[in-house]
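Asker: Give me a model of this one.
(one chain, ligands or ions: 2)
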Amino acid sequence: MSRDSDKDRLDDDQRDYATAAEQGDVMGEIDDPSGEKDLYPEAEVEPETRALEPRVSVVSEQPDAAAVPGADEDEFRWHTEARHAVEGVEDAVEFIDVHKAFGRNEVLRGLNLGIPEGKISMILGPSGTGKSVCIKHMVGLLYPDQGDILVHGESVPNMVDDDLFEMRKKFGVLFQDGALFGSMNLYDNVAFPLRQHTDKGEEEIADIVNRRLREVGLGSSNDKMPNELSGGMRKRAGFARALVLDPEIVLFDEPDSGLDPVRTALLCELIKEVHAENGGAYVVITHDIASARRVAEFIAVLWRGRIVESGPARDLFASENPFVRQFLSGESQGPLGME
Ligand SMILES: Nc1ncnc2c1ncn2[C@@H]1O[C@H](COP(=O)(O)OP(=O)(O)OP(=O)(O)O)[C@@H](O)[C@H]1O
Ligand SMILES: [Mg+2]
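Answerer: Ligands and ions are numbered 1, 2, ... in the order given. Next up, the predicted model:
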């Protein structure tokens, strides 16, 4: 606990320093006791100060590497953050300038993102960019270092525990690994959220569980244990469990990973059908472009901790942005390399 807060404090210090450097405070202090710098345009001042005080650049090298304005712009030069609005639709979930680091690993770096109500949205991005971290912020399993996450307009990081518990009932979540309880059979796995979060009787629970299991094509597998199921069946079971509380928002973390193309296509169809029937905001995380083509109504492309571009799927597939084009067409040539 105390180690964590120490770490947080250390991070905060580093961030404060970087911000100060970005705004010129650090350089100003060292370079410019006379205040003369303000008289010159930036481009002219830099070479001159370097010539006068060569050691200064050594002192400030560390923080500046991350904070040089030019370098920043370069790194985010494909990030137009353009948001093609879906007309007349409110956001179910909003990320506002969210920063999140684990130690020195800055994962979310000023993330702004809106997930429209009533649509199937996909968050796409290369492996390790923070897609799962995003999902965990939506349900309050992770907290941002900075910024805010709103669910139906309410700030998740500012919720007291009771409100957070209530808020989580709005969500159905299918985690990346399916996350079934290995010691419970399929029926009990799917019934679990109902027993945990509601005071419904076993008869009513049985109605709901059996209906959801039938819906995902597992109507006759009630007694099977998770290790007796194939990967695809486990995903579908996870999906059934994510739906039992009639969630307003459903989060799928890579529902297609580890499935063969046919199973993936079937699961995509299932997601579309269930959405058409139940409505709500669905958020599907994937790096499978074929899945995105099949089910996405709205797409957000995440890279380097920020959204490159987001909007209705057809706008993104027609995007002129070189990064978005490369990523959505899966080409090796373009801004995205092995990193
Ligand atoms: N609890 C944690 N503690 C420390 N680091 C973490 C934690 N969770 C995630 N990370 C780091 O955050 C980064 C983003 O992880 P995340 O799982 O969100 O990636 P992802 O985009 O979902 O990747 P993939 O497509 O491979 O699932 C990674 O560098 C990961 O190591
Ligand atoms: Mg992930």
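Asker: Stretch 238-258 spans what distance, first to last residue?
Answerer: The stretch stretch 238-258 measures 14 Å between its terminal residues, going by CA to CA, to the nearest Å.
Asker: The single nearest residue of the stretch 101-250 of the chain relative to ligand 2: neighbouring residues, count only.
Answerer: Ranking the residues of the stretch 101-250 of the chain by distance to ligand 2 (CB to the ion) places Ser132 first, at 3.2 Å. The C-beta positions use only the backbone N, C-alpha and C, and glycine is treated the same way. Each residue near Ser132 was counted by other CB atoms under 10 Å, and the total is 17.
Asker: which residue packs closest to it, ignoring adjacent ones?
Answerer: In space, and not counting its chain neighbours, Ser132 is closest to Asp253: 5.6 Å by CB to CB, 6 or more residues apart in numbering.
Asker: Return the set of residues that bridge with the one you found.
Answerer: With DSSP bridges applied, the residues forming beta bridges to Asp253 are Ile285.
Asker: what about Met233, distance to ligand 1?
Answerer: Look at Met233 and ligand 1: by CB to the nearest ligand atom, to the nearest Å, they are 21 Å apart.
Asker: would Ala179 count as being in a strand?
Answerer: No. Membership of Ala179 in a strand is not supported by DSSP: H, G, I helix; E, B strand; the rest coil, which gives coil.
Asker: chain center to stretch 229-241, what's the gap?
Answerer: 23 Å (CA atoms, centre = their mean, to the nearest Å).
Asker: Mind listing what's buried along that stretch?
Answerer: Buried residues in stretch 229-241, defined by neighbour count with 16 or more other CB atoms under 10 Å: Leu229, Gly232, Met233, Arg234, Lys235, Arg236, Ala237, Gly238, Phe239, Ala240, Arg241.
Asker: How many residues are close by Lys131?
Answerer: Residues near Lys131, counting by other CB under 10 Å, number 22.
Asker: these two touch, right, it and Asp253?
Answerer: Yes. Assessed by CB atoms under 8 Å, Lys131 is found in contact with Asp253 at 7.4 Å.
Asker: about what we covered before: report the contact partners of the residue nearest to Ser132.
Answerer: Asp253 sits next to Lys131, Ser132, Ile135, Val173, Leu174, Phe175, Gln176, Ile285 when contact means CB atoms under 8 Å, 6 or more residues apart in numbering.
Asker: can you do 10 Å?
Answerer: Residues near Asp253 by CB atoms under 10 Å, 6 or more residues apart in numbering: 123, 131-132, 134-136, 173-179, 238, 283-286.
Asker: Quick check on the residues you listed: which are buried?
Answerer: 123, 131-132, 134-136, 173-176, 178, 238, 283-286.
Asker: Filtering those residues by proximity to ligand 1, which remain?
Answerer: Of the residues in those, proximity to ligand 1 by CB under 6 Å from any ligand atom holds for Lys131, Ser132.
Asker: Give me the lowest-pLDDT entry from the buried ones among the contacts of Asp253.
Answerer: Ranked by pLDDT, the buried ones among the contacts of Asp253 bottom out at Gly178, which has 63.
Asker: Check the residue nearest to Ser132 and give its pLDDT.
Answerer: The confidence metric pLDDT takes the value 88 at Asp253.
Asker: measure it to Met122 for me?
Answerer: 12 Å (CB to CB, to the nearest Å).
Asker: list residues touching both of those two?
Answerer: Counting by CB under 10 Å, 6+ apart, the shared contacts of Asp253 and Met122 are Lys131, Val283, Val284, Ile285, Thr286.
Asker: now, among those, which is nearest to ligand 1?
Answerer: Using CB to the nearest ligand atom, Lys131 is the member of the shared contacts of Asp253 and Met122 that sits closest to ligand 1, with 3.6 Å.
Asker: got a list of what that closest one touches?
Answerer: Neighbours of Lys131 in contact, by CB under 10 Å, 6+ apart: 122-125, 176, 253-254, 283, 285-287, 300, 302.
Asker: if you set the cut-off to 7 Å instead, what comes out?
Answerer: Taking CB atoms under 7 Å, 6 or more residues apart in numbering as the contact definition, Lys131 lies against Ile123, Gly125, Ile285, Leu302.
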